[in-house]
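In: Quick one, what's the 3D model for this:
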Amino acid sequence: MRIHLAAGLAACVALSAAPAVRAARAPGPITHEVRMWSDGATAHFAPAEVVIHPGDAVRFVNTGGGPHNVSFDPEKLPADVRRALLADMGTQIQPLWGPLLTETGRDYTIRFSGVKPGRYEFFCMPHMAMGMRGVLVVR
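Out: Below you'll find the model as predicted:
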């Protein structure tokens, strides 16, 4: 009996000294934030390039100088991406143009659930002439 007890104790000590092995867990979808602002002379998305994964969301927030929105040019999108964005964007003032955020602090979130990997340009319709543009990279 002492031999079995000693062997069991040795096995417990060996197991407790071994490093724990854990399976890698893929992170779930996350929400990225993009601030939209203008000071009268310049208008920006910050950051201007957003890297996401399918299923992630992007929350666009008016931080000043609005109205702002997020828009995609349908002519620059493949047909399947156009369809996916139309479904993912929710409220739109016209196809692929998000609503105007007229007040500071207002936001608009797009969940990119059906958009395939690629690089997609977006812009603020009211400030397009001021160069308010960004790029969404889906990995």
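In: Please make it C-alpha for all contacts and neighbour counts, starting now.
Out: Noted.
In: how near is Gln92 to Leu85?
Out: 11 Å (CA to CA, to the nearest Å).
In: the more surrounded of these two?
Out: Leu85 (22 against 15; other CA atoms under 10 Å).
In: Check which residues of the helix or strand hosting that one are buried.
Out: Leu85 belongs to helix 79-88 when assigned by DSSP states H and E. Across helix 79-88, burial judged by 16 or more other CA atoms under 10 Å covers Val81, Arg82, Leu85, Leu86, Ala87, Asp88.
In: Mind checking what helix or strand follows that helix in sequence?
Out: As assigned by DSSP H and E, the chain's next helix or strand after helix 79-88 is strand 107-111.
In: thinking again about what came up before, wait, which of the buried residues of helix 79-88 is closest to Glu75?
Out: Nearest to Glu75 among those, counting by CA to CA, is Arg82 at 9.0 Å.
In: Identify the residue spatially nearest to the closest one, adjacent ones excluded.
Out: Closest residue to Arg82 apart from its sequence neighbours, by CA to CA, 6 or more residues apart in numbering: Pro74 at 6.4 Å.
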